[in-house]
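K.L.:
this one's structure only:
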DNA sequence: CTTCAATCTTGACAGTGTCAACTAGACAAT
DNA sequence: ATTGTCTAGTTGACACTGTCAAGATTGAAG
């Protein structure tokens, strides 16, 4: 994505996308906490303050990137539900969780910026809207489970937090590669099967 | 913790502790990603490069702080197990999880630095040792559950990751205050009861 | 009293985020 | 063709940052 910089180019055509692509590279190399606006600009072949012109400030740039992350996550979670349409509600719920973890592992730079770059999500309107609509996929799957099982004593909000915690926690551990000793040689699919299988085992349906 | 700076003080007596106390303040105010060595130094009333002298560099300072966080978390988790010594192994396991979440909420600055400041834990020997011994508390509680229940088909490593994910995920959501709509007015104790209660409900013992 | 190591300071350097002022180009109206 | 105007990008400056080398100060051991 690094671009040779001969002369000033005043109309790039699609600079915001180019900047976010450069950002993605840098996050992958050095982590979300070691990003600088100026290096993003350098890699995109533009002047040092071009990014701020498009995104307002550094946090704005990270928020724009995180927004895209939520779009991708939303789509992948929704697709997972569709692909598991033939199974039980619990299967679909586990599919959402697995999609969440796979997203974190396959798109680490997005996950890193979304959850660990220090941006204040609520203060970015578009970003928090995307986050909410992503969460809605999970909530829908939980509601399906509750109505399928006919649960009456279960608070759906608690169950949502339960599955969200499970998925987000596993995703965090996997991205950090901080698995327990003796478990770090397993693949991410092993973790997913183990954890969501544990959930089903404890549920007595596995 | 801010100290008036009249003249040079060459032997503070306990500067490392004073620096980490100042760090804690700043993290609480502005988050772990907005910390600077120089502001830490200013608040402790010393010169701008005193922190680097004690901790090597910025990441070293964060690592030293994170190390203390793991010590506290270890102690609180171990205490939780002791306090639940009369109950079942599952009760003790839930107590460890609850202690984990309470630690994150009550000591947000520690949690923030430990897991979201971008430090590379494995490259800090003391830090990763403390992290491992903290994890050992959880592993012990899992082993107890498995032997108490007589599980034979359950991989203890999978079960460890399961409970760790649950606790770490809930802690992350709670610290970020990113709970589902309609659930943000509940207290952290509600979340804990809901999530670990969910775990027991699915297990058929609650 | 001397030496010495540890503690902390001073000063410098390159890199950073942000802001104001400037410029280049596209595009429409005349 | 000329003009005007809006958007996109630049330039230059400022205060702040992490890091490093060199110096200053102190407590303690001999």
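P.N.:
Thanks, I have the structure now. Every value quoted in this text rests on a predicted model; they were computed, and no experiment measured them. Numbers count the residues shown, from 1 in each chain, chains lettered A, B, ... in the order given.

K.L.:
residues touching the nearest residue to residue A:118 once chain neighbours are set aside, list them.
P.N.:
In this structure, residue A:118 finds its nearest non-sequential neighbour in residue B:33, 3.2 Å apart by CB to CB, 6 or more residues apart in numbering or on different chains. Where C-beta positions appear, they are placed from N, C-alpha and C, glycine not excepted. Neighbouring residues of residue B:33 by CB atoms under 8 Å, 6 or more residues apart in numbering or on different chains: A:33, A:117-118, B:116-118.

K.L.:
what's the answer for residue A:146, then?
P.N.:
By CB under 8 Å, 6+ apart, the neighbours of residue A:146 are A:154, A:156, A:159.

K.L.:
I'd like the residues you listed written out as TSV, with secondary structure added.
P.N.:
What follows is the contacts of residue A:146, written out as TSV (DSSP: H, G, I helix; E, B strand; the rest coil):
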residue	secondary structure
A:154	coil
A:156	helix
A:159	helix
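
K.L.:
which of those residues come close to chain B?
P.N.:
When contact is defined as CB under 8 Å from any CB of the partner chain, those meet chain B at A:154, A:159.

K.L.:
and the contacts of residue A:146, which are buried?
P.N.:
Among the contacts of residue A:146, the ones that count as buried by 16 or more other CB atoms under 10 Å in any protein chain shown are A:154, A:156, A:159.

K.L.:
From residue B:175, how far off is the residue nearest to residue A:118?
P.N.:
Distance, residue B:33 to residue B:175, using CB to CB, to the nearest Å: 14 Å.

K.L.:
can you check residue A:59 too?
P.N.:
Distance of residue A:59 to residue B:175, given as CB to CB: 18 Å.

K.L.:
do residue A:114 as well
P.N.:
In terms of CB to CB, residue A:114 sits 15 Å off from residue B:175.

K.L.:
Could you pull up the contacting residues of the residue positioned nearest the centre of chain A?
P.N.:
Residue closest to the average C-alpha location in chain A (CA atoms, centre = their mean): residue A:111, at 4.3 Å. With contact taken as CB under 8 Å, 6+ apart, residue A:111 is in contact with A:69, A:103-104, A:171, A:175.

K.L.:
Closest one to residue B:191 out of these, please.
P.N.:
Among the contacts of residue A:111, residue A:171 lies closest to residue B:191 (CB to CB), at 18.5 Å.

K.L.:
burial count for the residue lying closest to the closest one once chain neighbours are set aside?
P.N.:
Using CB to CB, 6+ apart and skipping residues adjacent in sequence, the residue nearest residue A:171 is residue A:104, 3.6 Å away. The number of residues packed near residue A:104 is 25, by other CB atoms under 10 Å in any protein chain shown.
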